[in-house]
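> got a structure for you, letters missing:
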């Protein structure tokens with residue numbers, strides 16, 4: 001095997017390793033999740049890709065900080081079924097939800113009619 005072949009194989013190996021590392025790092029990026037402020041609530045902002053919520057958690061649709069909902073009391077959770085979004089839960093007074101019991105088997109989003117945030121349960 002000559003040096004030209006060795007160099008070609010080395011370059012291919014380095015490129016393959018770089019692609020594999022990139023794939024691992026992309027897979028590890030978080031989807032985003034509800035923010036905790038040290039109290040008993042997870043805060044969901046109006047602008048996010050996906051928010052993760054666990055059954056039994058308390059949720060507050062953000063009224064302060066970045067990505068706040070302008071009227072959190074108007075936020076509803078909708079489910080996607082047969083190609084259409086249907087109202088599923090809410091709205092709640094002040095945008096506060098206690099003891100979330102949303103089904104993890106559904107495709108859900110939070111919406112106020114202007115902003116939509118996907119929810120993973």
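Structure's in. What do you need? Just so you know, these numbers come straight off a predicted model, no measurement behind them.
> From here on, just use CA atoms for contacts and neighbour counts.
Noted.
> any idea whether residue 14 is helix, strand or coil?
Residue 14 carries the three-state label helix when classified by DSSP: H, G, I helix; E, B strand; the rest coil.
> I misspoke; the intended subject was residue 78.
Following three-state DSSP, the label given to residue 78 is strand.
> I figured it hits residue 109, correct?
Yes: the pair residue 78 and residue 109 qualifies as a contact (CA atoms under 8 Å) at a distance of 5.4 Å.
> where exactly do the strands run in this protein?
Under the criterion DSSP state E, strands of the chain are mapped to 35-36, 42-44, 50-52, 59-61, 76-81, 84-89, 96-97, 108-111, 116-120.
> any chance of those in CSV, with mean neighbour count and mean pLDDT too?
Rendered in CSV, the data for those read as follows (neighbours: other CA atoms under 10 Å; pLDDT from 0 to 100):
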stretch, mean neighbour count, mean pLDDT
strand 35-36, 14, 56
strand 42-44, 25, 78
strand 50-52, 19, 80
strand 59-61, 24, 85
strand 76-81, 18, 91
strand 84-89, 13, 90
strand 96-97, 19, 88
strand 108-111, 23, 88
strand 116-120, 20, 86
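> wait, which of those strands is closest to residue 15?
Checking these against residue 15 by CA to CA gives strand 50-52 as the closest, at 32.0 Å.
> so what does the closest one touch, helix or strand wise?
Contact here means 3 or more CA pairs under 8 Å, 6 or more residues apart in numbering; DSSP states H and E; on that basis strand 50-52 packs against strand 116-120.
> Next, the angle strand 76-81 makes with the strand it packs on.
Relative orientation of strand 116-120 with respect to strand 76-81: 70 degrees, computed using axes from the mean of the first three to the mean of the last three CA atoms, to 10 degrees.
> what residue is smack in the middle of the chain?
residue 50 (1.7 Å; CA atoms, centre = their mean).
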